[in-house]
Structure formats: structure tokens, C-alpha cells
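Visitor: prediction below, plus the sequence it came from.
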Amino acid sequence: MAGDFQGAAPAPWREVLRAAPLAGALATWFGAGFLPVAPGTWGSLFAIPFVEAAFRLGGLAGIAGFAIVTSLAGIAAAGTVARLRRQGDPSAVVIDEVAGQAVALLPVYAFARGGSPARFWIFVAAAFFLFRVVDVVKPGPVGEAEKLPGGLGVMADDLLGGALVAVLLAGLLLVVR
């Protein structure tokens, strides 16, 4: 991905947002990606209230729907913004973290919701922390997934990372029930 625009200077964000305002808003998760220091962390953090709202509106299917919609919209929006910005994966693009964090939270809502609120929020924090670690370290196939072209490459590593965290947390939550 990063080599797609090798040697090209990034286009100014003002131009990107003028050319594709909806894609820019979605890709940066309505500006969260422009917050200082670790934009991916902000994207992951800002996903949590949306996941909670999706759960309240539609239960686990609501969260799954939110993850699917942000994933599909993210592929298009991130691809458009990356192309306009002339960067493989601009750091301000955080819709991939939003979608990946939603996937990582699915087992927490499936297996820890409804019990002790403190226990539930501890597992939400664990999902957040583990997802951030996986997103930074990019173990094995997670790192390989970002080599896919365009918006798919921007999104795929975070979706795979979210799935990895979901499997780990589902196993843990089933053991400590």
C-alpha cells in the first residue's frame, strides 16, 4: 500500500476534503482522525459509543450491521481519500479502526453484557487495549492484509485484527463465565 504513491507529495487535506467531503468525513470518522497524537487510538475510542448505540438499537445484529456498514463504506471512503491524498493509508483515516473495534467488541456484548456493569466495562477496555496492540504490532496475516490494494488494504488489516481480538476475547469470556 505505502508504495502505491512512492515519491508523490501528499495533497493538502483542504483539497481532499473539498474534492470528496462525504468520503473525507467518513474516512476521518467526522474529524476524529485529525485529533493530535495517535489518530487510530481516537478512532477506536470514538467507535465505542457508536457500538453501544448500535447494540441498544438492534442488539448483536445492530453491532454486526454497524461493523458491516462501516466496513463497506470504509473501503470506498478510505480508497477515495487515499487516492486523493496520494498516500497508501493516511494516518487521519480512522474508519478502519472504527470498523475493527466494532468487530473486536462483538464477543464482549455477546458474553459479558447483562452481568456486572463493572465486569462488562473491564472487557470493553480489554477489547480496546488488545485491538490497539494488534493494530500497532500487526502480527502475521494482519500485517499482510494491509498490502491489499486501495481502500480494501486500508480496511482489511483492522478488520482482521478486530476478528483476532474477538476470537481471543470470546475464548476468554467462555472460559471465565
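Guide: That came in fine, so what should we check first?

Visitor: just give me the neighbour total for Pro149.
Guide: Number of residues near Pro149 (other Cβ atoms under 10 Å) recorded here: 12. Bear in mind the C-beta positions are built from the backbone N, C-alpha and C, glycine included.

Visitor: ugh, wrong one, Ile68
Guide: Ile68, neighbours per other Cβ under 10 Å, totals 13.

Visitor: ok, it to Gln6 distance?
Guide: 33 Å (Cβ to Cβ, to the nearest Å).

Visitor: chain center to stretch 21-38: distance?
Guide: 12 Å (Cα atoms, centre = their mean, to the nearest Å).

Visitor: ditto for stretch 20-35
Guide: 13 Å.

Visitor: residue boundaries of the helices in this protein?
Guide: 13-19, 21-27, 39-85, 95-111, 117-137, 141-145, 150-175 (DSSP state H).

Visitor: what's the average pLDDT for the first one?
Guide: Averaged across helix 13-19, pLDDT comes to 97.

Visitor: buried ones in it?
Guide: Across helix 13-19, burial judged by 16 or more other Cβ atoms under 10 Å covers Trp13, Val16, Leu17.

Visitor: so Gly58 makes contact with Val69?
Guide: No - between Gly58 and Val69 no contact is recorded; they are 11.5 Å apart, counting by Cβ atoms under 8 Å.

Visitor: ok, Glu15 - contacts?
Guide: Taking Cβ atoms under 8 Å, 6 or more residues apart in numbering, we find Glu15 in contact with Leu84.

Visitor: any idea how far it is from Phe111?
Guide: Taking Cβ to Cβ, one finds Glu15 at 46 Å from Phe111.

Visitor: pretty sure Leu84 contacts Arg18?
Guide: No - look at Leu84 against Arg18 with Cβ under 8 Å: they stay out of range, at 9.6 Å.

Visitor: low-confidence regions, the chain specifically.
Guide: Low-confidence segments of the chain (pLDDT under 70): 1-4.

Visitor: so what's Leu60 up against?
Guide: With Cβ under 8 Å, 6+ apart, Leu60 has these contacts: Leu106, Tyr109, Ala110.

Visitor: nice, that's everything, thank you.
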